[in-house]
Each structure stands twice: as C-alpha cells, then as structure tokens.
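# Sharing a sequence plus its predicted fold:
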Amino acid sequence: MTKFDEATAAIRVDETTYDVCLDTGYSIGGPLNGGYLMAVLLRAVVDASPHEHPVTTGVQFLRAARPGPAQVRLEQVKTGRTATMTRATLVQDGESFIEGLVTTATLGDAVPDWTDEPSVAMPPIEECVSLPAPKTESNMTLNAQMELVFDPPTIGWLDGRPTGRPEARAYFRLAEPQDPDPYVLALAVDALPPVVFSAGGRGWAPTVDLTWHLRALPAPGWLTLIGGGRLISDGWFDEDVEVWDSAGRLVAQSRQLARVGRG
C-alpha cells in the first residue's frame with residue numbers, strides 16, 4: 001500500500017459509516033486540499049457500492065476540514081444494474097464539512113466513438129519547470145506529495161508576469177511511484193494553483209463547489225492537466241480542468257466555482 005492509499009483509506013464501521021483519518025500531508029497553508037478530501041470520500045463510496053468506479057462526483061465544501069479523525073456517512077439514493085447514486089458526507093466532531101453526491105458505475109476499456117484533442121498543446125516535459133520548493137517549516141505540505149511540472153508562461157505570476165488570463169497547465173504524478181487510478185485523478189483535478197493567479201489574483205482561493213467526471217481509467221505514467229477559466233467577477237471565478245493520460249486519452253474533466261483570494 002502506498003502513502004497515498006494509506007492517507008485516503010476508509011475503514012468500514014457499518015453499512016453507512018466509515019472511519020477515516022485526514023492526513024496532515026495534504027495541507028495548503030493550513031486547509032486540506034479539496035481533491036485529497038474527495039479521494040477520501042470516494043474510497044468509502046466505492047467500497048459500499050456494487051460498482052467499481054466513481055464516474056461522476058459533485059461536492060459542496062461547507063468549511064475547511066482539518067487533519068485528524070473523521071467519518072464518512074453514506075446514504076444510497078438509488079441503485080441499478082449500471083449505476084448507483086450515493087450521498088456522502090464528511091463529518092468531524094458531529095459537524096458536516098463536505099456534502100457530496102457520487103454516481104458509481106463499472107467502466108470498461110472501450111475505444112471512444114469520438115474524442116476531441118487537448119484544448120491547449122503542452123510543450124515537452126523537458127521544457128517545463130517546477131515551482132520553487134516551500135520553506136522548510138512551511139505548512140504547504142501538499143507539494144511534497146506530488147510532482148507538478150508547469151508550462152512556463154502559466155506560472156509567470158511568481159515573478160510578477162501573469163499572462164492576464166485565468167490558466168494553469170502542468171504535467172502531474174505522485175511523488176511516490178504509483179500508477180494513476182480514480183482516486184489519484186480526484187487529487188489531480190484540484191492539484192493546479194488556482195487559475196485566477198495567472199490573471200493577477202493572489203491568496204487562498206477556497207473552492208465552494210466542484211464537480212468532476214471520470215471518463216476512462218488512466219494508463220500508467222504522467223498525467224497532463226490543462227486548466228482554464230471563463231469569468232472572474234464579483235469575488236468569484238470558475239475553473240475547468242482537463243486531465244489527459246500518457247496514452248493521449250481524456251480521462252477526467254472537472255469544473256469548480258471558487259472565491260477570489262485575498263493577498
């Protein structure tokens with residue numbers, strides 16, 4: 001079992017309750033990363049479902065969860081031959097932190113009837129760059145759990161040269177060798193810096209709502225993340241992310257609505 005598998009493990013208590021322990025290693029300046037929290041939620045949902053894969057997940061982030069013991073509570077809304085819909089709630093000390101609705105199904109290895117190309121062409125990985133390492137005692141612990149190698153223009157905001165557009169693009173994989181799976185994809189869709197940074201925004205940008213779709217089971221190797229936004233207005237912004245695997249297949253799509261940070 002890898003560190004990521006351990007950090008997202010869900011232990012069955014009964015048919016509707018799972019114990020989890022939220023890992024301090026997935027912090028972004030204190031709050032835990034939303035993609036990591038979704039992966040924890042999905043471990044419980046899939047374990048309780050007759051189907052193997054979380055094909056669509058929609059979550060509302062009610063408040064920032066903290067490391068430590070928690071529970072995932074499930075309510076099966078509908079189940080059928082091809083799909084099961086489950087309501088899932090992440091609870092700490094009797095208080096709800098995430099509310100989600102997850103549809104599980106079992107994906108095969110079908111050849112697509114039609115597929116689009118990535119919305120933006122990425123440069124070769126050897127022409128991409130990493131973010132500077134955080135300070136030794138930083139509470140940005142998420143950085144150590146994964147590798148992100150960025151298309152250089154999309155991190156121009158680091159030295160005061162944002163592109164002026166909401167965008168972020170990078171190659172992604174876990175720091176500890178592990179083939180990507182649906183739980184890794186849950187982390188990947190929320191792994192990029194907020195796209196609003198490239199448009200000139202700064203500071204923590206909390207996600208309020210995030211929906212993502214598992215489109216195919218990913219091949220081993222690097223994932224390609226392509227993020228963009230359509231509107232920044234009145235303190236809110238949207239962020240869409242495409243995830244492509246090493247075989248050039250679209251394996252996940254997400255959209256989130258978040259608050260513009262202060263800082």
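Perfect, thanks for sending it. All values derive from a computational prediction rather than experimental measurement.
# how many other residues sit next to residue 95?
Around residue 95 sit 11 other residues, with neighbours defined as other CB atoms under 10 Å. C-beta: built from backbone N, CA, C; applies to glycine.
# For the stretch 1-150 of the chain, which segments count as strands?
In order along the chain, the stretch 1-150 of the chain carries the following strands (DSSP state E, counting those that start in this stretch): 10-14, 17-22, 53-61, 68-79, 84-92, 95-105, 146-150.
# partner residues bridging residue 76?
Partner residues in beta bridges with residue 76: residue 86, with DSSP bridges as the criterion.
# mind listing what it touches?
When contacts are counted by CB atoms under 8 Å, 6 or more residues apart in numbering, residue 76 touches 48, 84-87.
# Give me the buried entries from the residues you listed.
Members of these that pass the buried threshold by neighbour count (16 or more other CB atoms under 10 Å) are listed as 48, 84-86.
# Tell me the strands beside the helix or strand hosting residue 238, with direction?
With the criterion set as DSSP states H and E, the secondary-structure element containing residue 238 is strand 236-244. The strands beside strand 236-244 in its sheet (DSSP bridges) come out as strand 223-228 (antiparallel), strand 232-233 (antiparallel), strand 250-259 (antiparallel).
# per-residue confidence at residue 263?
The model reports residue 263 with a pLDDT of 58.
# Could you do residue 27 as well?
As summarised for this prediction, residue 27 has a pLDDT of 93.
# now do residue 136
Reported pLDDT at residue 136 in the predicted model: 56.
# most tightly surrounded among the strands paired with strand 236-244?
Greatest average neighbour count among those goes to strand 223-228 (a mean of 23), per mean count of other CB atoms under 10 Å.
# Could you give the average pLDDT over it?
Strand 223-228 carries an average pLDDT of 98.
# cool, stretch 4-19 as well?
When the per-residue pLDDT values of stretch 4-19 are averaged, the result is 98.
# residues in contact with it?
1, 20-21, 23, 25-26, 36, 39-40, 43-44, 47-48, 69-75, 145, 174, 176, 178, 183-184, 187.
# List the contacts of residue 183.
Remark: with contacts taken as CB under 8 Å, 6+ apart, residue 183 is in contact with 4-5, 8, 39, 42-43.
# Relative to the centre of this protein, find the outermost residue for me.
residue 81 (27.8 Å; CA atoms, centre = their mean).
# contacting residues for that one?
No contacts exist for residue 81 under CB under 8 Å, 6+ apart.
# Tell me how far residue 40 lies from residue 156.
Here the distance between residue 40 and residue 156 works out to 33 Å (CB to CB, to the nearest Å).
# more neighbours, the two?
The neighbour count for residue 40 versus residue 156, taken as other CB under 10 Å, is higher for residue 40 (27 against 15).
# Hmm, the more buried one is touching residue 20, no?
Yes: with contacts counted by CB atoms under 8 Å, residue 40 reaches residue 20, the gap being 5.2 Å.
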